[in-house]
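Asks: What follows is a predicted structure for the sequence shown.
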Amino acid sequence: MGGCQINFTVGVDFTGSNGDPSSPDSLHYLSPTGINEYLAALWSVGSVVQDYDSDKLFPAFGFGAQVPPDWQVSHEFALNFNPSNPYCSGIQGIVDAYRQALPQVRLYGPTNFAPIINHVARFAAQAAQQRTASQYFVLLLLTDGAVTDVEATREAVVRASHLPMSVIIVGVGSADFEAMEQLDADGGPLRTRSGEGAARDIVQFVPYRRFQNAPREALAQTVLAEVPMQLVSYFKAQGWAPFKPLPLPAKGPAQAPQA
């Protein structure tokens, strides 16, 4: 996008409401083909976004699980269990890390978004201090249900709205996602309990079920549709060399992750 580096981060929901991963009814169940809704959504969106990320190294985190060795609940654990270097090589690297992490954690809860939003926001804040339109951060959250820490998440989003950052939420499964629709403030600025409003709309929410039978690229085109203008609106507001939003790359059907 006009020379701006897109930094893509992924957060995956490992809460208990997903169901036992060994059960075919679980949203985390890996079918004989090695795919589930989480991986299908990740591959659809990620395969497009990675075209804008020059190094193709993506931090990937899980949230809502008890993790070894002390089995405390974590809301931002590295999928590769290397907190000092949570980067995965390409989308296939995230897929591989997810598959390796799944049997090593215990799905738990609650569904807290604020920690991982704040995690990415810290990096976005550091980039903003450079005062150049050179970096923008996109966080993809894949989740099966309503957010638990609603107020903390609202505050995290409002703070992040002042930073070079967007949040994409893809809801998997058949849960009620009404709370997610509220975060996607298409009806007016998102506000905290104290009344502080977001500087701009940075959240896009889409239920995956709406795209289950659509072409693979349809989900990516929908969830990424707002990002170019969100990027431009941020840099224009800062008075930094605005870029023309580039169209998303024309792609054929994205390749499925390798088994």
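Replies: Nice, I can see it.

Asks: quick one: contacts for Asn7?
Replies: Asp53, Phe123, Ala127, Gln135, Tyr136, Phe137, Val138 (C-beta atoms under 8 Å, 6 or more residues apart in numbering). Every residue, glycine included, has its C-beta placed from N, CA and C.

Asks: list the buried ones in whichever strand or helix holds it?
Replies: Asn7 belongs to strand 5-13 when assigned by DSSP states H and E. By neighbour count on 16 or more other C-beta atoms under 10 Å, the buried set for strand 5-13 is Ile6, Asn7, Phe8, Thr9, Val10, Gly11, Val12, Asp13.

Asks: shouldn't the last one be in contact with Val147?
Replies: Which is Asp13. No: if you go by C-beta atoms under 8 Å, Asp13 and Val147 don't touch, sitting 9.9 Å apart.

Asks: that older thread, would you give the sheet partners of the strand holding Asn7, along with the direction of each?
Replies: Here strand 5-13 is paired, per DSSP bridges, with strand 57-63 (parallel), strand 135-143 (parallel).

Asks: Show me the contact partners of the shortest one.
Replies: With C-beta under 8 Å, 6+ apart as the test, strand 57-63 has contacts from 8-15, 46, 50, 74-80, 86-91, 93-94, 97-98, 101, 105, 111-113, 115-116, 119.

Asks: Make a PyMOL selection of the buried ones in the residues you listed.
Replies: Selecting the buried subset of the contacts of strand 57-63 in PyMOL, with 16+ other C-beta under 10 Å as the burial test, is done by:
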select buried, resi 8+9+10+11+12+13+14+15+46+50+74+75+76+77+78+79+80+86+87+88+90+91+93+94+97+98+101+105+111+112+113+115+116+119
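
Asks: Narrow the contacts of strand 57-63 to those in helices?
Replies: Among those, the members falling in helices (DSSP state H) are Gly46, Gly90, Ile91, Gly93, Ile94, Ala97, Tyr98, Ala101, Pro115, Ile116, His119.

Asks: do you know how far the second one is from Ala128?
Replies: Distance of Gly90 to Ala128, computed by C-beta to C-beta, to the nearest Å: 27 Å.

Asks: With mean neighbour count and distance to Glu181 added, can I get the strands paired with strand 5-13 in JSON lines?
Replies: Listed next are those as JSON lines, based on neighbours: other C-beta atoms under 10 Å; distance: least, C-beta to C-beta, whole Å:
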{"stretch": "strand 57-63", "mean neighbour count": "24", "distance to Glu181": "20"}
{"stretch": "strand 135-143", "mean neighbour count": "24", "distance to Glu181": "13"}
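
Asks: possible to save the ones you listed as CSV with mean pLDDT?
Replies: Below are the strands paired with strand 5-13 laid out as CSV (pLDDT from 0 to 100):
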stretch, mean pLDDT
strand 57-63, 98
strand 135-143, 96
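
Asks: Thr192: which of those strands is closest?
Replies: For these, the distance to Thr192 is smallest for strand 135-143, at 18.9 Å, taking C-beta to C-beta.

Asks: ok and the closest one relative to helix 90-101, angle-wise?
Replies: 40 degrees (axes from the mean of the first three to the mean of the last three C-alpha atoms, to 10 degrees).
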